[in-house]
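**Student:** 3D, please:
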Amino acid sequence: MPDQYADANARVIEQFRANGGEVGGPFEGKRLVLLHHVGRASGQERVTPLVAAGDGDAYLVCGTAGGAPRDPAWVANIEAGPGWTTVETGRGTLRATATVFRAASPEWERLYGIWSAYWPDSAQYETRTTRTFPIIRLEPLTGTR
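**Tutor:** Residues are numbered from 1 along each chain as shown. I've put the predicted structure just below:
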């Protein structure tokens, strides 16, 4: 990840944690989560701030990378992981099953529709690439919310 993205993410994470999940700028008024994952190659824990739409009790996050030609590394980290992850919500931290949905999945269209309606910038991201963005559904494990 280029340093400018790491620096921007670090600022968002700091603001998120200092303000109970509230973040300003382009994220003002939107729900963000901090997704914890382990680097496939490095083995290091990573934290990625992501816009999260609701789907019942679950959170939906999307691997747009702003419309980059490839999925962000965190998606592959989640796919390679144990099937669950830690999520900071601003109200607390929870464990959640993490399921990646790709366009071939019958659930993808419904889930992407929810997320893209919540984050309209996704329409602009779509114009920058030919790839279809993966959706990750984060379902809180019982008793962790």
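**Student:** and the gap between Ile13 and Phe27?
**Tutor:** Separation of Ile13 from Phe27 (CB to CB, to the nearest Å): 12 Å. Yep, even glycine has a C-beta here, placed from its N, CA and C like the rest.
**Student:** Arg95 too?
**Tutor:** 24 Å.
**Student:** swap in Tyr112?
**Tutor:** Counting by CB to CB - Tyr112 and Phe27 are separated by 20 Å.
**Student:** Neighbours of Gly43, how many?
**Tutor:** 7 (other CB atoms under 10 Å).
**Student:** the helices in this protein, which residues?
**Tutor:** For the chain, the helices defined by DSSP state H cover 3-18, 73-80, 108-118, 122-126.
**Student:** mind checking which of the ones you listed is nearest Leu141?
**Tutor:** Nearest to Leu141 among the helices of the chain is helix 73-80 (15.2 Å), distances taken as CB to CB.
**Student:** Skipping adjacent residues, who's closest to Thr129 in space?
**Tutor:** Gly67 (4.9 Å; CB to CB, 6 or more residues apart in numbering).
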